[in-house]
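Asks: can you look at this prediction? I've put the sequence above it.
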Amino acid sequence: MAETLTRFAGPPVGVYACANDCGRTTRLPGVCAGCVEDEVRAKYQRELLPALRSIPPRFQWAIPGDDEAAERLKHARIKEWPRVRRELTEAVEAGRNVVLLGPKPQVGKTSAACVMLRRVIERGALDALPEDTRMAALGSGPAARPGERPRFASDRLAEQVRIARGARFVAVRDVRGESPEAIEARREAKRATVLVFDDVGDELDGAPAASGWIPDRITGTRDVIDYRHKRPELKTIFTTWLPKREMARFYGGGTAERVYEHAAVVRVGPQEGGA
Ligand SMILES: Nc1ncnc2c1ncn2[C@@H]1O[C@H](COP(=O)(O)OP(=O)(O)OP(=O)(O)O)[C@@H](O)[C@H]1O
Ligand SMILES: [Mg+2]
Ligand SMILES: [Zn+2]
């Protein structure tokens with residue numbers, strides 16, 4: 001091996017200080033594997049920032065925990081979190097849309113959706129790590145040996161990272177109207193790989209069903225729902241106080257159908273009536 005290498009003009013294999021002065025060594029002059037890895041990780045973290053920043057600051061606390069017990073404590077504000085967590089996780093892992101349904105306010109619909117969105121984003125961050133490191137982090141493999149180039153998991157990784165990067169939280173209220181902000185919010189909501197579309201019905205501002213106020217208020221909402229419905233690879237987590245039949249009264253049966261069709265309905269808080 002060493003002989004083969006010395007036939008080339010390059011520097012001999014040895015022990016060199018990392019060019020970044022990180023204190024580690026490399027077998028060839030240059031930057032060490034650890035520094036390459038740090039840089040890759042930082043790059044992926046940067047790319048995930050728009051996804052993370054779409055989550056409103058008041059839900060910064062809603063993050064997945066290290067273990068279930070820690071999570072249960074942290075998410076005591078979400079009614080029946082262990083069940084909600086289980087149903088939500090199952091649905092998302094099965095690639096289904098979700099309707100987080102809770103006719104009562106402040107029961108934790110939005111919080112639960114934020115926990116799940118962060119999980120999607122974090123998964124992208126984890127998968128972005130070199131394979132050896134990721135395996136070690138998951139406790140199922142050795143870390144890269146010093147001086148070895150990190151290996152990267154290929155296609156699946158790229159896919160997870162793309163999904164994580166494209167994940168977004170958009171408040172339904174924000175897609176209402178024709179302001180530049182509303183148009184931009186609609187664009188974001190349409191292209192999100194995984195979208196938390198928060199609080200369908202909030203944008204009605206209390207307008208009664210079938211009243212003249214409705215059409216203008218729901219145009220943006222329907223636009224986003226229709227667009228995403230035609231693209232089943234885009235996943236949506238809706239939060240709403242509107243069971244299907246109620247939703248149909250405000251938005252029409254077609255829209256309600258597109259929201260609830262194939263979606264897992266996860267109930268949060270005390271319920272009245274059926275979906
Ligand atoms: N930043 C915060 N600090 C303290 N408590 C909070 C914070 N954000 C939310 N909560 C509490 O967490 C609980 C869940 O709130 P969340 O907004 O998730 O409920 P929701 O079902 O989405 O409500 P709504 O129907 O009003 O949208 C509530 O009791 C709320 O008061
Ligand atoms: Mg909410
Ligand atoms: Zn280094």
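Replies: Yes, it's here. Keep in mind that this is a model prediction, so the values were computed, not measured. Ligands and ions are numbered 1, 2, ... in the order given.

Asks: show me what contacts Pro11?
Replies: Residues in contact with Pro11 (C-beta atoms under 8 Å, 6 or more residues apart in numbering) are Leu28, Pro29. From N, CA and C alone the C-beta is placed, and that goes for glycine too.

Asks: wasn't it part of a helix?
Replies: No. Going by DSSP: H, G, I helix; E, B strand; the rest coil, the assignment for Pro11 is coil, not a helix.

Asks: need the pLDDT of it.
Replies: Note on Pro11: pLDDT of 85.

Asks: next, it: phi, psi?
Replies: Dihedral angles of Pro11 (phi, psi; degrees, to the nearest 10) stand at phi -70, psi 150.

Asks: tell me how far it lies from Leu28.
Replies: 6 Å (C-beta to C-beta, to the nearest Å).

Asks: wait, isn't Ser113 in contact with Thr239?
Replies: You called it Ser, but residue 113 is Ala. Yes. The pair Ala113 / Thr239 is scored as a contact, 5.3 Å apart, by C-beta atoms under 8 Å.

Asks: now the common contact residues for those two.
Replies: Jointly contacting Ala113 and Thr239 under the rule C-beta under 8 Å, 6+ apart are Leu100, Val196, Asp198.

Asks: among these, which one lies nearest to ligand 2?
Replies: Checking the shared contacts of Ala113 and Thr239 against ligand 2 with C-beta to the ion, the nearest one is Asp198 at 5.9 Å.

Asks: do you know the pLDDT at the residue nearest to Glu68 when sequence neighbours are not counted?
Replies: Nearest residue to Glu68 in three dimensions, chain neighbours excluded: Pro82, at 7.3 Å (C-beta to C-beta, 6 or more residues apart in numbering). As predicted, Pro82 sits at a pLDDT of 89.

Asks: which helix or strand contains Pro82?
Replies: Element membership of Pro82, judged by DSSP states H and E, is helix 81-93.

Asks: what are the buried residues along that helix?
Replies: By 16 or more other C-beta atoms under 10 Å, the buried positions in helix 81-93 come out as Trp81, Val84, Arg85, Glu87, Leu88, Ala91, Val92.

Asks: ok, residues contacting the next helix or strand after it?
Replies: Per DSSP H and E, the first helix or strand lying C-terminal to helix 81-93 is strand 98-101. With contacts defined as C-beta under 8 Å, 6+ apart, strand 98-101 is touched by 84, 88, 91-92, 109, 112-113, 116, 236-243, 259-260, 263-268, 271, 275.

Asks: now, of the shared contacts of Ala113 and Thr239, which are buried?
Replies: Among the shared contacts of Ala113 and Thr239, those buried by neighbour count (16+ other C-beta under 10 Å) are Leu100, Val196, Asp198.

Asks: the second one and ligand 3, how far apart?
Replies: With the distance defined as C-beta to the ion, to the nearest Å, Val196 ends up 38 Å from ligand 3.

Asks: quick one, helices of this protein?
Replies: Counting by DSSP state H, the chain has these helices, from start to end: 2-7, 33-53, 68-74, 81-93, 109-127, 131-137, 155-166, 180-191, 214-229, 244-251, 253-260.

Asks: could you list the contact residues of the chain toward ligand 2?
Replies: Lys109, Thr110, Asp199 (C-beta under 5 Å from the ion).

Asks: for these, which one is nearest ligand 3?
Replies: Set against ligand 3, the nearest of the residues of the chain next to ligand 2 by C-beta to the ion is Thr110 (42.2 Å).

Asks: mind listing what the closest one touches?
Replies: Phe59, Val196, Asp198, Asp199, Thr239.

Asks: need the max-distance pair from those.
Replies: Farthest pair in the contacts of Thr110 (C-beta to C-beta) is Phe59 and Asp199. Separation: 12.4 Å.

Asks: just the pLDDT for the closest residue to ligand 2 within the stretch 1-150 of the chain.
Replies: As assessed by C-beta to the ion, ligand 2 sits closest to Thr110 within the stretch 1-150 of the chain, at 3.1 Å. In this model, Thr110 is scored at 96, pLDDT.

Asks: done for today, thanks.
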